[in-house]
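Colleague: Have a look at this prediction, sequence included:
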Amino acid sequence: MGGDGTFLDSAMRVKNYGIPVLGINSGRLGFLANIAQEEIPQAIHWLCAGEFDVEQRALVKFEMEDNPFAEFNYALNEISILKTERSSLLKVHAYIGEEYLTTYWADGVIVATPTGSTAYSLSCGGPIVAFGCDNLIITPVSPHNLNMRPLILPGNVQIRLKVESRSGDFMLSADSRMQRMSDNHELFISSGDFKMNVVKMPDHSYYETLRNKLNWGEDKRNKKDKS
């Protein structure tokens, strides 16, 4: 019970045990924790009757030397490299496998899962990717060159990021966890080797959540098209 932040934190508790997670929203948006409090009796009825499905949500895995999150080096939404409060901007050198991709001059870089595509990545101009897709999404944060755009990659690649900054450090974020890191770290990011099981109730759908929680396509002309 909580908001989406509580739901994200639950990934650190269930880890790779396969325990299904049901999110009851007592926060604000409730995109992941999408069972409203008034729906609790109905949700309990469905649970007891076994009338629910389980969706598998991909995680993103990150590896590096002196990993501050080595106890659980996964995230459900995204891994972010961000400038610190004393840094003007970052240079993030990005590689796909051994091939050089580009250097991002930006306030940061996000590597998101499809689940995370509707979170921080979306607010930075990234695409919405349905959670069942096998993808990783690279989204720059406030890039300093206007021709830099988000990139959707297949889920079987490894992304390598190397950071340069004037301050000599950057912030590493894994969902709700944050840690200041020095520039001499390289970050290796890939799709997780297990998935998180999420309970889906019969009258809830991903596309309905897009419409209702994000006001997606909100236009009074659409009302007559509902069926």
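Modeller: Looks like it came in fine.

Colleague: Report the beta-bridge partners for Gly2.
Modeller: Beta-bridge pairing for Gly2 (DSSP bridges): Asn25.

Colleague: Quick check: the gap between it and Arg160.
Modeller: Counting by CB to CB, to the nearest Å, the gap from Gly2 to Arg160 is 34 Å. C-beta coordinates here come from the backbone N, C-alpha and C atoms, glycine included.

Colleague: ok, the residue most central in space within the chain - contacts?
Modeller: Nearest residue to the geometric centre of the chain (CA atoms, centre = their mean): Asn77, 1.7 Å. Counting by CB atoms under 8 Å, 6 or more residues apart in numbering, Asn77 touches Leu8, Ala112, Thr113, Thr115, Gly116, Ala119, Tyr120, Asp175.

Colleague: Same check on Gly18?
Modeller: Phe194, Asn197.

Colleague: Next one, pLDDT for it please.
Modeller: Predicted confidence (pLDDT) for Gly18: 93.

Colleague: Helix, strand, or coil at it?
Modeller: Secondary structure, DSSP: H, G, I helix; E, B strand; the rest coil: Gly18 is coil.

Colleague: How about Leu151: what's its closest non-neighbour residue?
Modeller: Ile138 (4.6 Å; CB to CB, 6 or more residues apart in numbering).

Colleague: got a list of what the one you found touches?
Modeller: Ala94, Val109, Ile110, Val111, Pro150, Leu151, Leu153, Ile159.

Colleague: same thing but 7 Å
Modeller: The neighbours of Ile138, taking CB atoms under 7 Å, 6 or more residues apart in numbering as the test, are Ala94, Val109, Val111, Pro150, Leu151, Leu153, Ile159.

Colleague: okay, those in TSV with distance to Lys213 next?
Modeller: Listed next are those as TSV, based on distance: CB to CB, whole Å:
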residue	distance to Lys213
Ala94	31
Val109	26
Val111	23
Pro150	21
Leu151	25
Leu153	26
Ile159	28
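
Colleague: Now, those that are in helices?
Modeller: Taking DSSP state H, every one of the contacts of Ile138 sits outside helices.

Colleague: Could you dump those into a markdown table and include neighbour count, distance to Ser87 and pLDDT?
Modeller: Putting the contacts of Ile138 into a markdown table (neighbours: other CB atoms under 10 Å; distance: CB to CB, whole Å; pLDDT from 0 to 100) gives the following:
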| residue | neighbour count | distance to Ser87 | pLDDT |
| --- | --- | --- | --- |
| Ala94 | 20 | 18 | 98 |
| Val109 | 25 | 14 | 98 |
| Val111 | 24 | 19 | 98 |
| Pro150 | 18 | 22 | 97 |
| Leu151 | 17 | 23 | 98 |
| Leu153 | 17 | 26 | 98 |
| Ile159 | 22 | 22 | 98 |
